[in-house]
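>>> Return atomic coordinates for the entry below.
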Amino acid sequence: MNRPGSKTQNVDFGRMCTMGIVRATEAAALAAAKFTGRGDERGGDEAALDAMASQLQRLPIGGKVIIGEQGYSDNEQLQAGAHIGEGSEHEADIALMPLEGSSINARALSNALSVIVIAQKDSLLRVPPIYMEKIAIGPGFAQGVVGLERTPKENIEALAKAKGVDARDITVCILDRSRHRKLIEDVRAAGAAIRLIGDGDIAGVIATTNTDETGIDMYLGIGGADQGILAAAALRCAGGQIEGRLLVRDKDDQQLISKYGIEDVSKIYTLNDMIAGDVSFAATGVTDGYLLEGVRKAASKAWTQSMVMRASTGSLRLIDTMHNCSVNMS
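Residues are numbered from 1 along each chain as shown. The predicted structure follows:
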């Protein structure tokens, strides 16, 4: 199995590519916003993909897509294994989701995002596109204060103790899915509040990094494994903890597990397992969310809000941009 932490080239991809990846998430968000509230998941997904691909090809280095487009489009530019950028060599790993939350965007609900992660070569964990069980919290706590091997009640009580509050003061973010019925019952029985979200678990995990603003203390539940790696990248930059465990549901999942060379399907992956070395994370809001505003449009202008983080510097920038839609974005 390919694992992060192998030798990497000394490429300052963060400094060289930060604005490049933000332009790509902005372009994808602007394209997807044309489909916000129109009930067309496929249209928004394809528009975001094409816009992001066009911008990413301008990157000054060579990158390989490790986690790529899994949606409707037959466009291979952003699928796993594709080469990105002007460089001829594989200098960086790239993970991306042109539109995280196609159904959210189609219904004009909260937390649709465009996301890109760029990391050192061979530093992103390669996972099959299956489900992953996850738990995540924000920064400032002892390592291992929560974990997947504990019950929801134990995790809630441990986090409450670490924060010096009662379990009733903890709010847990969970995807609103039938598979989480028992989890929701257990969390409420433990005394915690729940914030249910319809989709977009990357935003749900990132929300734990700024509890004062979002009101979310913990993320729990089963979502996409790809989303787990992108969310882990954000936590490496902003601080926090995450654990993930792959979930094999059927023979198709088992075949994918075998294809990726994963022998221990019960393994619990920590943040360091998912991401090694330096990493930059960029996200632009498509619809309003916990931490980012969505695209605003008026006449020939549009406004976007983006978040850019880098692990090595601990920096977090919020970028508000006005775009003149009558000219090509550059």
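>>> in this protein, which spans are helices?
All helices of the chain, identified by DSSP state H, fall at 13-33, 41-56, 102-106, 152-163, 181-189, 201-206, 211-214, 225-238, 251-259, 271-274.
>>> check contacts around the closest residue to residue 269 other than its chain neighbours.
In this structure, residue 269 finds its nearest non-sequential neighbour in residue 244, 4.7 Å apart by Cβ to Cβ, 6 or more residues apart in numbering. Backbone N, C-alpha and C define where each C-beta goes, glycine included. Counting by Cβ atoms under 8 Å, 6 or more residues apart in numbering, residue 244 touches 132-134, 148, 225, 228, 232, 268-269, 274.
>>> Repeat that for residue 191.
Contacts of residue 191 by Cβ under 8 Å, 6+ apart are 156, 166-168, 170.
>>> With residue 108 instead?
36-37, 287.
>>> how near is residue 272 to residue 123?
Distance, residue 272 to residue 123, by Cβ to Cβ, to the nearest Å: 11 Å.
>>> Between the two, which has more neighbouring residues?
residue 123 (21 against 13; other Cβ atoms under 10 Å).
>>> Need phi/psi at the more buried one.
Dihedral angles of residue 123 (phi, psi; degrees, to the nearest 10) stand at phi -110, psi -10.
>>> Does it touch residue 277 like I think?
Yes. Contact criterion Cβ atoms under 8 Å: residue 123 and residue 277 qualify, at 4.3 Å.
>>> Where does the prediction get shaky in the stretch 101-250 of the chain?
In the prediction, the stretch 101-250 of the chain carries no residues with pLDDT under 70.
>>> Go through stretch 204-219 and flag the buried ones.
Within stretch 204-219, the residues scored as buried using 16 or more other Cβ atoms under 10 Å are 204-211, 214, 216-219.
>>> about what we covered before: where neighbours are concerned, which of the contacts of residue 191 has the most?
residue 156 (26 neighbours).
>>> Surely it and residue 190 touch.
Yes. Counting by Cβ under 8 Å, residue 156 touches residue 190, with 4.5 Å between them.
>>> Now the common contact residues for these two.
residue 167.
>>> what's near enough to touch the nearest residue to residue 151 once chain neighbours are set aside?
Nearest residue to residue 151, sequence neighbours excluded (Cβ to Cβ, 6+ apart): residue 186, at 7.0 Å. Residues in contact with residue 186, defined by Cβ under 8 Å, 6+ apart, are 151-153.
>>> who does residue 321 bridge with?
Taking DSSP bridges as the rule, residue 321 bridges to residue 304.
>>> Can you flag the buried ones in the contacts of residue 244?
Counted by 16+ other Cβ under 10 Å, the contacts of residue 244 give 132-134, 225, 228, 232, 269, 274 as buried.
>>> got those residues as TSV, with distance to residue 83 columns?
Output for those, formatted as TSV (distance: Cβ to Cβ, whole Å):
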residue	distance to residue 83
132	27
133	32
134	30
225	23
228	24
232	24
269	27
274	23
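>>> Closest to residue 324 out of these?
residue 232 (35.7 Å; Cβ to Cβ).
>>> Is the closest one in contact with residue 274, as I believe?
Yes. Look at residue 232 against residue 274 with Cβ under 8 Å: they come within range, at 4.0 Å.
>>> what is in contact with those two at once?
242, 244.
>>> Skipping adjacent residues, who's closest to residue 84 in space?
residue 63 (4.2 Å).
>>> Let me know the distance separating that neighbour from residue 54.
15 Å.
>>> And residue 27, by the same measure?
Counting by Cβ to Cβ - residue 27 and residue 54 are separated by 7 Å.
>>> quick one, which of those two is more surrounded?
residue 27 (27 against 16).
>>> And that one, what's its pLDDT?
Note for residue 27: predicted pLDDT of 96.
>>> For it, which non-adjacent residue is closest in space?
residue 51 (4.1 Å).
>>> Contact partners for the one you found?
For residue 51, the contact set (Cβ under 8 Å, 6+ apart) comprises 24, 27-28, 30-31, 98.
>>> how is the protein carved up into domains?
Using automatic domain parsing, the domain parsing of the chain gives 13-123+279-324, 131-274.
>>> most packed of these?
Highest mean neighbour count among those (mean count of other Cβ atoms under 10 Å): domain 13-123+279-324, with a mean of 21.
>>> where does the residue nearest to residue 151 sit relative to residue 152, distance-wise?
Counting by Cβ to Cβ - residue 186 and residue 152 are separated by 4 Å.
>>> Contact partners for the closest residue to residue 208 other than its chain neighbours?
Leaving aside its chain neighbours, residue 208 sits nearest to residue 138 (4.3 Å; criterion: Cβ to Cβ, 6+ apart). Residues near residue 138 by Cβ under 8 Å, 6+ apart: 208-211, 217, 238-240.
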